[in-house]
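Colleague: coordinates for the following, if possible.
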Amino acid sequence: MKRKNNHLIYLFLFLSLFATAQSQLLVIKDYTAVTTGAQQTENYLPLLKNKRVGIVTNATGIVGNTSLVDTLLKLNVNVKKIFSPEHGFRGDAEAGEKVGNGKDSKTNLPVISLYGANKKPTKEQLKNIDVLVFDIQDVGVRFYTYISTLHYVMEACAENEKECIVLDRPNPNGFYMDGPVLKPQFKSFLGMHPVPIVYGMTIGEYAKMINGEKWLRDSVQCKLTVIELKNYDRKQIYELPVKPSPNLPNMIAILNYPSLGLFEGTIMSVGRGTDKPFQVLGHPNLDTILSSFTPRATALSKNPKYVNQTCYGEDYTGNRQLMAYIFKNGTVIHGKINIEKLKVFYERFNHNDFFDKNFNYHAGNSTLQEQIKNNVSKNEIRQSWQKDLEAFKLIRKKYLLYADF
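Modeller: Numbering: from 1, shown residues only. Next comes the predicted model:
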């Protein structure tokens, strides 16, 4: 693409969008204000007594500063094996990397990967298990694959008559709901259920919805117990004590993820291979003066997009946020996915290969891509979501464990 001498126009577009987000400062609460499900051993240890236990977890499954696995072993729970999702048990595999089975060097327990070819525990893997405990920190975004792992775990429990216990955790993006609802033809591991991109539920509430709506294969339902949070306020944003995955290293990345995650299905780089994943956005052929970054091959991003090429674009670190937040009395009462950026960057490139084959699976439909290409206004785009969002709200309401926003 030929470079254009319109830096000032591009800078004006960016600053116009940026001003809205800057005018409403972000308020983030301490995670310790909430008592997680994992911390409430008194409520679930009786359910594990004299049972053979499998644990579905990763580096986020902690009690204080200690792994849930280590905590339960110290409490003499009969833990038989660990099941790990994308990124592995210790959270050190890159996105999309196939993680193999193995052994945990600290506990010597077998570790079964639930990412790659084997996304669902098999009958053989569950043969010596009575109950599966699920404890993974979610970020409340449909294309974040841990809720897909939850689906398959619950399905395996239902099919093999095993109990499933979900230890609930706060959702850092749980204070709003936004985006198009997934259409059935775009069902994949990036989205398995008819929910919007941001669904405003904790992982425990989501598990109840999967079960209650009979979304598991053949409409089976598992024996499900959710250990609820204490002192959770959905209208607050909670800072996570452990990064939920390697490329979501801080709250800026987590809060930007619903918006920047859509760019994973475009020609743009979201900063994988840098120290600011999901905090920058760019491309080698942009001629902006705002920011630049160079993706490098690392242990967590072995072949990032545009490796060793300088990308020009925008940096959202510091107080710069992609989403517009509206506050009342110190709590968030509204948030939105940033559609403006998709429109701005598509218009900036203005060629048909801006979107790739994965975009519609991130969006959950084919409509959003066509709307961007046809320069549909952001208000019209949002309006096109409303009917499905209203229908989802009625479903969601049945499974809420905590006061709504």
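
Colleague: report the contact partners of Trp385.
Modeller: With contact taken as Cβ atoms under 8 Å, 6 or more residues apart in numbering, Trp385 is in contact with 178-181, 196. For glycine as for every other residue, the C-beta is placed from the backbone atoms N, C-alpha and C.

Colleague: just put the residues you listed in TSV and tack on neighbour count.
Modeller: Supplementary listing: those in TSV, determined by neighbours: other Cβ atoms under 10 Å:
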residue	neighbour count
Asp178	22
Gly179	27
Pro180	22
Val181	21
Pro196	23
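
Colleague: farthest-separated two in those residues?
Modeller: Asp178 and Val181 (10.7 Å; Cβ to Cβ).

Colleague: between the two, which contacts overlap?
Modeller: What both Asp178 and Val181 touch, as defined by Cβ under 8 Å, 6+ apart, is the set 196, 385, 389.

Colleague: looking at those, which is nearest Glu155?
Modeller: Pro196 (22.3 Å).

Colleague: next one: the nearest residue to the closest one once chain neighbours are set aside from Tyr402, what distance?
Modeller: In this structure, Pro196 finds its nearest non-sequential neighbour in Gly179, 4.3 Å apart by Cβ to Cβ, 6 or more residues apart in numbering. Spatial separation of Gly179 from Tyr402 under the definition Cβ to Cβ, to the nearest Å is 21 Å.

Colleague: what ranges does the stretch 101-250 of the chain have for its helices?
Modeller: If DSSP state H, counting those that start in this stretch is used as the criterion, the helices of the stretch 101-250 of the chain fall at 146-159, 203-212.

Colleague: which stretch among those comes nearest Ser105?
Modeller: That would be, of the helices of the stretch 101-250 of the chain and by Cβ to Cβ, helix 146-159, which comes in at 22.7 Å.

Colleague: from the contact counts, what lies against that closest one?
Modeller: strand 131-135, strand 163-167, helix 203-212, strand 223-227 (3 or more Cβ pairs under 8 Å, 6 or more residues apart in numbering; DSSP states H and E).

Colleague: and if we set it to 10 Å?
Modeller: In this structure, helix 146-159 packs against strand 53-57, strand 79-84, strand 131-135, strand 163-167, helix 203-212, strand 223-227, with contacts taken as 3 or more Cβ pairs under 10 Å, 6 or more residues apart in numbering; DSSP states H and E.

Colleague: show the end-to-end separation of stretch 293-305, please.
Modeller: From the first residue to the last, stretch 293-305 extends over 12 Å; the measure is Cα to Cα, to the nearest Å.

Colleague: got the buried residues for stretch 362-382?
Modeller: 362-365, 367-369, 371-372, 376, 381-382 (16 or more other Cβ atoms under 10 Å).

Colleague: take the residues you listed and keep only those in helices.
Modeller: Secondary structure defined by DSSP state H assigns 362-363, 367-369, 371-372, 381-382 of the buried residues of stretch 362-382 to helices.

Colleague: please dump the shared contacts of Asp178 and Val181 into CSV; it should also carry pLDDT and distance to Val141 for every row.
Modeller: Converted to CSV, these look like this (pLDDT from 0 to 100; distance: Cβ to Cβ, whole Å):
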residue, pLDDT, distance to Val141
Pro196, 98, 10
Trp385, 97, 15
Leu389, 97, 15
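
Colleague: with respect to Leu216, which of the residues you listed is nearest?
Modeller: Using Cβ to Cβ, the shortest approach to Leu216 within the shared contacts of Asp178 and Val181 belongs to Pro196, at 20.4 Å.

Colleague: residues contacting the closest one?
Modeller: When contacts are counted by Cβ atoms under 10 Å, 6 or more residues apart in numbering, Pro196 touches 141-142, 177-182, 258, 337, 364, 385, 388-389, 392-393, 396.

Colleague: now with 8 Å?
Modeller: For Pro196, the residues meeting the contact criterion (Cβ under 8 Å, 6+ apart) are 142, 177-182, 364, 385, 388-389, 392.

Colleague: can I get those in TSV with distance to Lys341?
Modeller: Converted to TSV, the contacts of Pro196 look like this (distance: Cβ to Cβ, whole Å):
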residue	distance to Lys341
Arg142	18
Met177	20
Asp178	14
Gly179	14
Pro180	16
Val181	21
Leu182	21
Gly364	18
Trp385	17
Asp388	22
Leu389	21
Phe392	24
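
Colleague: for those, which one is nearest Val34?
Modeller: Within the contacts of Pro196, the smallest distance to Val34 is 20.0 Å, found for Met177 (Cβ to Cβ).

Colleague: what about the residue lying closest to that closest one once chain neighbours are set aside, how many neighbours?
Modeller: Spatial nearest neighbour of Met177, excluding adjacent residues (Cβ to Cβ, 6+ apart): Gly200 at 3.9 Å. Other residues within reach of Gly200, judged by other Cβ atoms under 10 Å, total 23.

Colleague: hang on, Gly200 packs against Gly140?
Modeller: Yes. If you go by Cβ atoms under 8 Å, Gly200 and Gly140 touch, sitting 7.0 Å apart.

Colleague: shared neighbours, these two?
Modeller: With Cβ under 8 Å, 6+ apart, Gly200 and Gly140 have common neighbours 171, 173-174.

Colleague: can you pull the pLDDT of the residue nearest the centre of the chain?
Modeller: In the chain, the C-alpha closest to the average C-alpha coordinate belongs to Tyr144, at a distance of 3.3 Å (Cα atoms, centre = their mean). The pLDDT attached to Tyr144 in the predicted structure is 97.

Colleague: identify the residues contacting the closest residue to it other than its chain neighbours.
Modeller: Leaving aside its sequence neighbours, Tyr144 sits nearest to Asp138 (Cβ to Cβ, 6+ apart; 6.7 Å). By Cβ under 8 Å, 6+ apart, the contact list for Asp138 reads 144, 146-147, 169, 171, 202-203, 206, 244.

Colleague: could you rerun that using 7 Å?
Modeller: When contacts are counted by Cβ atoms under 7 Å, 6 or more residues apart in numbering, Asp138 is found next to 144, 146-147, 169, 171, 203.

Colleague: now swap in Thr57 and tell me
Modeller: 68-69, 82, 135-136.

Colleague: could you rerun that using 10 Å?
Modeller: Thr57 sits next to 38, 67-69, 82-85, 89, 133-137, 167 when contact means Cβ under 10 Å, 6+ apart.

Colleague: now Ile147
Modeller: Taking Cβ under 10 Å, 6+ apart as the definition, contacts of Ile147 comprise 136, 138-141, 191-193, 195, 199, 201, 203, 206-207, 210.
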